[in-house]
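**Student:** Using only what follows, build the 3D model:
(chains A and B)
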Amino acid sequence: MEIVFAILFAFFAVSLSLGVFALIRLKHPVEKMVSLDVITTLITAVLLVIAALTGSSFVLDIAIIYAILSFGAVLVVARYREGGF
Amino acid sequence: MIVMKIIAFVFFFIGAFFIFVGTLGIVRMPDVYNKLQAGTKATTMGFLSVCVGLIFWEPSWILRALVIAGFVVLTNPIGSHALARAAKNSGIPFAGGKDKLQPDQDIISKGSVVNHGLAKDSAKNADTGTDPRAVRGGKK
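**Tutor:** Prediction:
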């Protein structure tokens, strides 16, 4: 059971390293924000898998709060770059 | 019960694969709009698959998993739309390049035939076909 979770987390680690590579390499701030949006969705999925691994349900609450905060951050930065404020 | 765990693992791996495809699209796509297209849709699909796997893993968590899935499905396109508007208003250009599958666009826009490979093929088939653009290309 644990080795399947290890393979799954290896998948997520490859995805996360690709996202961080894109976040570092891209130049424009909006492009950086796009990669950050993908990274936050990835981390929320990783939190759900961690909740399945540990069997503790409060990690799901952390995932909900993380999704709300990341959505707010992306929206605020996007509106700022747009000139909405 | 072990069958439910195996189904949950299958959904987890489907979700991990789709999220991997999304991040690969972030790295490989040529344009910020294409990056948004790849990054938002594929990761939303992968996240939904992970939520379904979580429901199969522990069926008593169905309410919270549905809340998270609904929230992400509602808010991910909103964030994508805001980022696309910000990119357009920041003046990021579209990735250039010609659509190689449609050589007739040159004929329509300029009124003359630019010799691509495909335009030559359409001129070769001008005897049997009834396309007037292809006939004009054959005369040149």
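**Student:** Helices of chain A, start to end?
**Tutor:** A:2-25, A:29-54, A:58-82 (DSSP state H).
**Student:** So which helix or strand of chain B has the lowest pLDDT on average?
**Tutor:** helix B:132-139 (a mean of 48; mean pLDDT, DSSP states H and E).
**Student:** Nearest the middle, which residue of chain A would you pick?
**Tutor:** A:Thr40 (1.9 Å; CA atoms, centre = their mean).
**Student:** Excluding covalently adjacent residues, which one is nearest to it?
**Tutor:** The shortest distance from A:Thr40 to any residue other than its chain neighbours is 3.6 Å, reached at A:Ser70 (CB to CB, 6 or more residues apart in numbering or on different chains). C-betas here are computed from N, CA, C, even on glycine.
**Student:** What is the neighbour count of that neighbour?
**Tutor:** Neighbour count of A:Ser70, defined by other CB atoms under 10 Å in any protein chain shown: 21.
**Student:** go on, B:Pro30?
**Tutor:** 11.
**Student:** SS state for the residue lying closest to B:Asn34 once chain neighbours are set aside?
**Tutor:** Nearest in space to B:Asn34, with sequence neighbours left out and distances taken as CB to CB, 6+ apart, is B:Ala95 at 7.0 Å. At B:Ala95 the chain is in coil, as set by DSSP: H, G, I helix; E, B strand; the rest coil.
**Student:** Under the pLDDT cut-off, which ranges of chain A? List them.
**Tutor:** By pLDDT under 70, the weakly predicted segments of chain A are A:84-85.
**Student:** what helices or strands is whichever strand or helix holds B:Phe47 leaning on?
**Tutor:** B:Phe47 is located in helix B:32-57, with elements delineated by DSSP states H and E. Applying 3 or more CB pairs under 8 Å, 6 or more residues apart in numbering or on different chains; DSSP states H and E, one finds that helix B:32-57 contacts helix A:29-54, helix B:2-28, helix B:62-89.
**Student:** out of those helices, nearest to B:Phe56?
**Tutor:** B:Phe56 sits nearest to helix B:2-28 of all those, at 4.0 Å, using CB to CB.
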